[in-house]
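>>> what's the 3D shape of this:
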Amino acid sequence: MTSQLMIAATDRVSPSVTAWPERLALTVVMIVVILLAVLGMWWGWRARARRQSDLVAPPEFTGEVGTLLAVSEGRYLGTCRAGDWLDRIVAHGLGAPSAAALNVIPAGMVITREGAPDIFIPIESVDSVRADRALAGQVLERDGVIVVRWRLGDALVDTGFHGDRATEHAAALAACEALLPAGNPTLQGGTP
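All right, here's what the predicted structure looks like:
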């Protein structure tokens, strides 16, 4: 009986360890799926930019920075339509989050971004400034986002900035609020 078991065990053929054609086919399928997902995101971004083409471009800052009231290094989160923290504006390069610095000057705010054009928010266009926790689909700590609500042509938009250092962030928020005229109150509250 033992000899029969030994013969049966030696007659068995072990399965191949790797089935290369199947693995290659699955790899190709995964690459195609990833490429289709990236292509879909790119098409969506372009379609959003076309839908928002009616927005005017932000004004260019042509003056000298001069007196800096506050500077905060951090991250530009994006610009959204006012009141809708998920409706990111991508037209005119406003949709690209990037490392940035918020420079508060007497003429307004200049957000200097790495790899993207700077954004100038003239003080006469500013409606309000507030501390919030979310903008452009990004949620951070409580009061971690400086949100500037301002007029971009006929549209009212919110621009968000998150400072890296708490002291610089608080100083920049206070400087932005101090620029507002007395009759233009700072909004309170925010998004979820």
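
>>> stretch 147-160: which residues count as buried?
For stretch 147-160, the neighbour count (16 or more other Cβ atoms under 10 Å) marks Val147, Val148, Arg149, Trp150, Arg151, Leu152, Val157, Asp158, Thr159, Gly160 as buried. All C-beta atoms are positioned from the backbone trio N, CA, C, and that covers glycine.

>>> which element is the third one on?
Okay, so that is Arg149. Element membership for Arg149, per DSSP states H and E: strand 145-152.

>>> what's that strand in contact with?
55-56, 58, 72, 77, 79, 82, 102, 109, 121, 125-135, 138, 156-163, 169, 172-173, 176, 187, 190 (Cβ atoms under 8 Å, 6 or more residues apart in numbering).

>>> which of those residues count as buried?
55, 58, 72, 77, 79, 82, 102, 109, 121, 125-135, 138, 157-163, 169, 172-173, 176, 190.

>>> out of those, list just those in strands.
Those of the buried ones among the contacts of strand 145-152 mapping onto strands are 72, 77, 79, 102, 109, 121, 126-132, 134-135, 138, 157-163, per DSSP state E.

>>> and the longest helix that the chain contains, what does it pack onto?
When the chain is parsed with DSSP state H, its longest helix is helix 20-51. Of the remaining helices and strands, none touches helix 20-51 by 3 or more Cβ pairs under 8 Å, 6 or more residues apart in numbering; DSSP states H and E.
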